[in-house]
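Visitor: Quick one: sequence plus predicted model below, questions after.
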Amino acid sequence: MATFLPDGARMVLKVQTGSDEWGKPKTKSLSWSGIDPAADADAVDAAADALAGLCLYPRNEVQVVATNLVTA
């Protein structure tokens, strides 16, 4: 039976750089690799808040993108 083996994760912080003519937010993505795939949501949120505080633009969204190896 095949199983998943966590291989790593990255955090994507989207910041709002402005709005288009219809009011839809324009965003830019910033990413950091080496995130622990087992990190809990509160820890990721705290890290995103700290990094967003260093950015010129306000935080819009945070994602964690995890990759897994499939082993047979």
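Guide: Received, thanks.

Visitor: three-state assignment of residue 45?
Guide: Secondary structure, DSSP: H, G, I helix; E, B strand; the rest coil: residue 45 is helix.

Visitor: Excluding covalently adjacent residues, which one is nearest to it?
Guide: residue 62 (6.7 Å; C-beta to C-beta, 6 or more residues apart in numbering). All C-beta spots, glycine's among them, are computed from the backbone N, C-alpha and C.

Visitor: Correct me if wrong, but the one you found is in a helix.
Guide: No - counting by three-state DSSP, residue 62 is not part of a helix but strand.

Visitor: Was I right to think it contacts residue 27?
Guide: No - counting by C-beta atoms under 8 Å, residue 62 sits too far from residue 27 to count as a contact (11.7 Å).

Visitor: Compare these two and say which is more crowded by neighbours.
Guide: Using other C-beta atoms under 10 Å as the criterion, residue 62 and residue 27 rank with residue 62 on top: 17 against 14.

Visitor: quick one: contacts for the residue nearest to residue 45?
Guide: Neighbouring residues of residue 62 by C-beta atoms under 8 Å, 6 or more residues apart in numbering: 11-14, 44-45, 48.
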